[in-house]
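Undergrad: Dropping the sequence and predicted coords here.
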Amino acid sequence: MLKEPIGKQDQYISAYGGLTCFEFRPDDTVEARPLEISKETLYNLEDNLLLFFTGYSRAAAEVLREQDSKSRQHDKAMTDNLHFIKGLGRQSKTALEAGDLLKFAELMNVHWEHKKQRSKNMSNPQIDQWYEAGRRSGALGGKLIGAGGGGFLMFYAGDKVRLRHAMRELGLQEVRFRFDFDGATIIAQS
């Protein structure tokens with residue numbers, strides 16, 4: 001309705017909540033299925049994912065406009081990149097359902113490296129520096145969350161204390177979170 005060059009995944013996960021797998025079909029239908037993940041894997045994932053605010057805010061549309069334009073022009077590099085990322089999503093699902101969080105962390109890194117190839121605005125030298133510092137300081141995997149260009153760095157930590165200390169030294173603020181399994185809910189009605 002707003003004619004913004006953004007996908008549907010953020011709206012869908014907000015509505016459903018949890019760790020949910022979505023299949024967005026060409027006919028605009030969407031299939032949603034919860035991941036079949038053990039409680040132990042869920043708790044370990046939640047405990048070891050750390051989120052840090054970069055201090056950069058941006059509108060997603062600014063970063064996604066180039067990607068949208070190239071996609072509509074059937075740019076081969078963009079199309080190949082998006083198909084590769086879709087494959088990583090399937091691999092991530094398999095890793096999570098198998099309880100292989102080290103593989104999931106590795107896939108986060110691969111995703112981030114490919115995501116940066118989509119646009120020169122996806123990252124910047126400061127974000128790259130923070131990311132590399134996180135990797136040297138106990139992060140087994142990581143990526144910038146959202147459209148890119150700012151927002152939040154998410155890491156899967158092997159050493160949470162060391163990673164938190166390093167990010168704090170660099171001036172990044174940790175944002176604590178927990179998974180929400182309710183999705184969108186009405187909290188007040190008049």
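TA: Nice, I can see it.
Undergrad: R25 against K8, yeah?
TA: No. At 11.1 Å, R25 does not count as touching K8 under the criterion of C-beta atoms under 8 Å. Where you see a C-beta, it was placed from the backbone N, CA and C, and this is true even at glycine.
Undergrad: Could you give the bridge partners of the residue nearest the centre of the chain?
TA: Of all residues in the chain, the one closest to the mean position by C-alpha atoms, centre = their mean is I145, 4.1 Å from it. Beta bridges link I145 to F152, judged by DSSP bridges.
Undergrad: list the contacts for it?
TA: Counting by C-beta atoms under 8 Å, 6 or more residues apart in numbering, I145 touches L51, G151, F152, L153, M154.
Undergrad: Quick one, grab the pLDDT at it.
TA: On the pLDDT scale, I145 is placed at 88.
Undergrad: How about the one 5 residues further on?
TA: Predicted confidence (pLDDT) for G150: 76.
Undergrad: what does the one 5 residues further on give?
TA: For F155, the model assigns a pLDDT of 98.
Undergrad: same deal with R135?
TA: Reading off the model, R135 has pLDDT 97.
Undergrad: what number of residues lie near it?
TA: 15 (other C-beta atoms under 10 Å).
Undergrad: Okay, it and V161: tell me how far apart.
TA: Distance, R135 to V161, by C-beta to C-beta, to the nearest Å: 16 Å.
Undergrad: G141 now?
TA: On the measure of C-beta to C-beta, G141 and V161 end up 17 Å apart.
Undergrad: Those two - which one has more neighbours?
TA: Higher neighbour count among G141 and V161: G141, with 25 against 10, using other C-beta under 10 Å.
Undergrad: ok, for that one, nearest residue in space, not its chain neighbours?
TA: Excluding its sequence neighbours, the residue lying closest to G141 (C-beta to C-beta, 6 or more residues apart in numbering) is A105, at 2.9 Å.
Undergrad: how about the helices in this structure?
TA: For the chain, the helices defined by DSSP state H cover 9-16, 39-48, 60-72, 76-98, 101-115, 125-136, 160-169.
Undergrad: what's the closest of these to T185?
TA: Of all the helices of the chain, helix 9-16 sits nearest to T185, with 10.0 Å by C-beta to C-beta.
Undergrad: Would you mark the buried spots in the closest one?
TA: Neighbour-count burial for helix 9-16 flags I13, Y16 (criterion: 16 or more other C-beta atoms under 10 Å).
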